[in-house]
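Participant: model the structure of this input:
(one chain, ligands or ions: 1)
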Amino acid sequence: MRVDIITLLPQIFEKVFDESVLGSAVKNGLIDIVMHQFRDYGDGRHKTVDDTPFGGGPGMVFKPSPLVNCIRDVRKMSIPAPVIGLTPQGVSFNQDLVKELAQFDRIILVCGRYEGFDERIIHEFDFQLSIGDYVLTGGEIAAMTVVDAVSRMIPGTVGCQDSVIQDSFYEGMLDHPQYTRPSIWEGLEVPEVLQNGNHALINKYRRSRSLLTTSVSRPDVFATCDLSDSDKEIFQELIDSSSSE
Ligand SMILES: C[S@@+](CC[C@H](N)C(=O)[O-])C[C@H]1O[C@@H](n2cnc3c(N)ncnc32)[C@H](O)[C@@H]1O
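Facilitator: Residues are numbered from 1 along each chain as shown. This is a model prediction of the structure:
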């Protein structure tokens, strides 16, 4: 997959895309990240890309021409790709969208700064994407988030693809709690069922914890999950055991 990132700060991506799981995916050619410094498209001797807002108010706004000219050039550099503007007004980023984006062979991410984009730039985006209901200083961390989450969907990026499938949100439910050695730490014991080697019981226990955590911590997510007959049975057992306590 090729990811083009349009930004004023290409240098801040270096460490993130050089190290660890993402770094290996880049080195192994699973993901090709191409940075574009859009100041190169700025106006005049100072390569200006921003100006004060019409109507007054604080901060600076990205001017239309430099960014749109850059986006149009980047679009033409390779195969067709959706241009995604990173903005707090965009659709909320979630695991379903991660899976959808991973289907593309190429995506283009556009990072804002300052007070954001002149509204007329928005027409150049195929859609806008928000990583959450809060405001960052720039779109770069949002772009890193998108690349990180999407690259995990590309087979080979994460050593064990089973772990990706079992992670929170992949199939809707949150992950079950995990434990490692020692079996007792500061008086807290690892549940006995995880230590007895009975895989049927371990799977049932883990599923029950996933159901419990999701229903308690994220009732909104739980409401959207399709429960299998066995899930319904396990969930009923949880309800019965809590009402008998
Ligand atoms: C300081 S913000 C601009 C905020 C804008 N004035 C507003 O209130 O909607 C600068 C840039 O950071 C990026 N950004 C901030 N929050 C974001 C979020 N939740 N998701 C994606 N990008 C975000 C966008 O690219 C935005 O143009």
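
Participant: contact partners of the strand or helix carrying residue 100?
Facilitator: Counting by DSSP states H and E, the element that carries residue 100 is helix 95-102. When contacts are defined by CB atoms under 8 Å, 6 or more residues apart in numbering, helix 95-102 is touched by residues 1, 91, 107, 129, 146, 149, 150, 152, 153, 154, 169, 170. For the C-beta atoms, the positions are set from N, CA and C on the backbone; glycine is no exception.

Participant: how about stretch 167-178?
Facilitator: 94-95, 164-166, 205-207, 209-211, 213-214, 217-218, 221-222, 224-226.

Participant: which parts of the chain are strands?
Facilitator: Assignment of strands within the chain using DSSP state E yields the ranges 2-7, 32-37, 50-51, 61-62, 83-92, 106-111, 127-130, 184-185, 188-189.

Participant: could you redo these as TSV and give each row distance to the ligand?
Facilitator: Compiled in TSV, the strands of the chain are given as follows (distance: least, CB to the nearest ligand atom, whole Å):
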stretch	distance to the ligand
strand 2-7	9
strand 32-37	15
strand 50-51	11
strand 61-62	8
strand 83-92	4
strand 106-111	5
strand 127-130	4
strand 184-185	37
strand 188-189	36
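
Participant: now distance to residue 138 and mean neighbour count too, for those strands, in JSON lines please.
Facilitator: Output for these, formatted as JSON lines (distance: least, CB to CB, whole Å; neighbours: other CB atoms under 10 Å):
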{"stretch": "strand 2-7", "distance to residue 138": "8", "mean neighbour count": "22"}
{"stretch": "strand 32-37", "distance to residue 138": "14", "mean neighbour count": "16"}
{"stretch": "strand 50-51", "distance to residue 138": "12", "mean neighbour count": "17"}
{"stretch": "strand 61-62", "distance to residue 138": "11", "mean neighbour count": "22"}
{"stretch": "strand 83-92", "distance to residue 138": "9", "mean neighbour count": "18"}
{"stretch": "strand 106-111", "distance to residue 138": "6", "mean neighbour count": "23"}
{"stretch": "strand 127-130", "distance to residue 138": "14", "mean neighbour count": "18"}
{"stretch": "strand 184-185", "distance to residue 138": "41", "mean neighbour count": "10"}
{"stretch": "strand 188-189", "distance to residue 138": "41", "mean neighbour count": "10"}
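
Participant: and residue 200, which of the ones you listed is closest to it?
Facilitator: Smallest distance to residue 200 across these (CB to CB): 21.7 Å, for strand 188-189.

Participant: now that closest one, how far from the chain's geometric center?
Facilitator: In terms of CA atoms, centre = their mean, to the nearest Å, the gap separating the centre of strand 188-189 from the centre of its chain is 33 Å.

Participant: what lines up beside that strand in the sheet?
Facilitator: With DSSP bridges as the test, strand 188-189 is paired with strand 184-185 (antiparallel).
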